[in-house]
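**Student:** next one to model:
(one chain, ligands or ions: 1)
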Amino acid sequence: MVTREINWQEVTAEAVRVLSQYIRIDTTNPPGNEIEGALFLKEILEGDGFECIVLESEKGRGNIVSRYKGDGTLSPLLLLHHIDVVPAEADKWDYPPFSGKVLKDEIWGRGAFDCKSLGVMELMVLLLLKRGGFKSRRDIIFLATGDEEAGGKHGAEWMAKNHFDLINAGSVVNEGGVGGLTVNRKNLYLCQTAEKGVCWIRLTFQGTPGHASMPGGPTCVSDMATVIERISKYRSPLQTSPITTKFIEGFAREQRFMKEERFQGLLDGTTSPDSLDEIPDKGLKNILNSMLYNTFVPTVVRGGNKTNVIPSECYCEIDCRMLPGENPDSIIQELKEACGGSADFDIEILGSSVPTESGISTELYSIIDTTVKKHDSEAKLIPFISAGATDSRFFREKGIPAYGFPQLKVGDSLSSHLEKMHGHNERVSIDSLLHGIRALYDIVFEFCS
Ligand SMILES: [Zn+2]
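**Tutor:** Residues are numbered from 1 along each chain as shown. Next up is the predicted model:
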């Protein structure tokens, strides 16, 4: 039991200070330089008596693990976040992205949302539990990784391959949740329970070269154009799952812009595309589209280097995102069908990650659910599948459930929320930061008691 009352005002001041300092450490990936962030966290943890292990997968690519010892009755809980951030175009920001500026009630900077604020929430929870003398029935592992934004090769993937003994846990709390979207006076909190897999594919086209002044029919470039057009117009068959059903049922009842039955029509193969088109919120529309379909988006095109020369070869690259249950072979098969045998091309997989999923009939998920409601009487927790990959997949692949904690309390539309993630002027409100700490504290306390 916690023996000391927590002074939340002091906690807020401490968390704001720590987050602001953490943002000021430039961990833009590439190059990452996460070691600076890891050492920063180490100093704070050691200041409160925690032992830390800092591991570099390569010079500068730091990861840090620390552990709050429990009595071992229950399996460990791992609190995960990543140290690296995506690049920021400083000239497009109102304040420098690595200033950690505290302005009125907000903390500004790259990483304020993704994912340093979560790191500070997890850190503060650990410190508060220790300061309060909490008797935990589980070990609580703190893990901060590098390289999440570039796929985790130097971070979580490397840790899982080389130091799994240090991070082996029964469940994981990570980024990926979305907090407090106000829909018809209900605050919807989205808990990431699954994520799509990525499959990056290159299609290479061959043709007869020649002088462009004397065309002799289709060229590799025109063949590629036909294929790109087909892929762009293609819609994958609808795929539903218990998560998408729960998401749509949860959302349908609260939204106002469409009749509930119409919204539920998203789950029907014939009505789904039209129902999607009627959703006014772009963010919600995109998220639903990505949850219901495999997607195929042509992104890179290369061919020819002189205007009057027909090249003998050209290629395009397709960003494919696959739903749980799919794999690169099935996605290539689908891509071929989408192209309808319209041209010959060679297929190369440039990179892929498997889709992963955690069930929601777990104690941790239900504690997240009740806690979110305890902290916001208008809250409703809804599971969702994210289109982007997070470090959670390295744990889910090993059968460890991982959940994206809906960390913030923002009465925002989904699109404005999503824009903040890798966009300009990333920031987090102090209110949200405190909300996240309090909610996460209760979740960990309850789950580990
Ligand atoms: Zn992130």
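**Student:** in the stretch 301-449 of the chain, what residue is nearest the ion?
**Tutor:** T390 (6.3 Å; C-beta to the ion). Placement of C-beta: from N, CA and C, glycine included.
**Student:** nearest residue to that residue in space, please, no chain neighbours.
**Tutor:** G176 (4.9 Å; C-beta to C-beta, 6 or more residues apart in numbering).
**Student:** now A88
**Tutor:** Per C-beta to C-beta, 6+ apart, closest to A88 is P97, 3.7 Å.
**Student:** doesn't R396 make contact with the residue of the stretch 301-449 of the chain closest to the ion?
**Tutor:** No: under the criterion of C-beta atoms under 8 Å, T390 is not in contact with R396, lying 9.8 Å apart.
**Student:** which one of the two is surrounded by more residues?
**Tutor:** Between T390 and R396, counted using other C-beta atoms under 10 Å, the more crowded position is T390 (25 against 21).
**Student:** pretty sure the more buried one sits in a strand.
**Tutor:** No: T390 sits outside any strand when classified using DSSP: H, G, I helix; E, B strand; the rest coil, being coil.
**Student:** now the helices for the stretch 101-250 of the chain?
**Tutor:** With DSSP state H, counting those that start in this stretch as the definition, the stretch 101-250 of the chain shows helices at residue ranges 116-131, 156-162, 164-167, 220-233, 242-254.
**Student:** what comes up buried for the fourth one?
**Tutor:** Within helix 220-233, the residues scored as buried using 16 or more other C-beta atoms under 10 Å are 220-225, 227-228, 230-231.
**Student:** same deal with the shortest one?
**Tutor:** With burial defined by 16+ other C-beta under 10 Å, the residues of helix 164-167 counted as buried are I167.
**Student:** the longest one too?
**Tutor:** Of all the residues in helix 116-131, those buried under the rule 16+ other C-beta under 10 Å are 116-130.
**Student:** so V444 versus F405, what's the distance?
**Tutor:** Distance of V444 to F405, computed by C-beta to C-beta, to the nearest Å: 10 Å.
**Student:** common neighbours of these two, please.
**Tutor:** Common neighbours of V444 and F405 are listed as V173 (criterion: C-beta atoms under 8 Å, 6 or more residues apart in numbering).
**Student:** got the residues of the stretch 151-300 of the chain near the ion?
**Tutor:** Proximity of the stretch 151-300 of the chain to the ion (C-beta under 5 Å from the ion) is limited to residues E175.
**Student:** what segments of the stretch 151-300 of the chain are strands?
**Tutor:** 171-174, 178-183, 186-195, 197-206, 210-211, 295-303 (DSSP state E, counting those that start in this stretch).
**Student:** do I have it right that D114 meets V85?
**Tutor:** Yes: judged on C-beta under 8 Å, D114 makes contact with V85 at a distance of 7.1 Å.
**Student:** so between these two, which is more surrounded?
**Tutor:** More crowded of D114 and V85, by other C-beta under 10 Å: V85, with 29 against 23.
**Student:** ok, now which ones touch the more buried one?
**Tutor:** V85 makes contacts with 27-29, 110-111, 114-116, 149, as judged by C-beta under 8 Å, 6+ apart.
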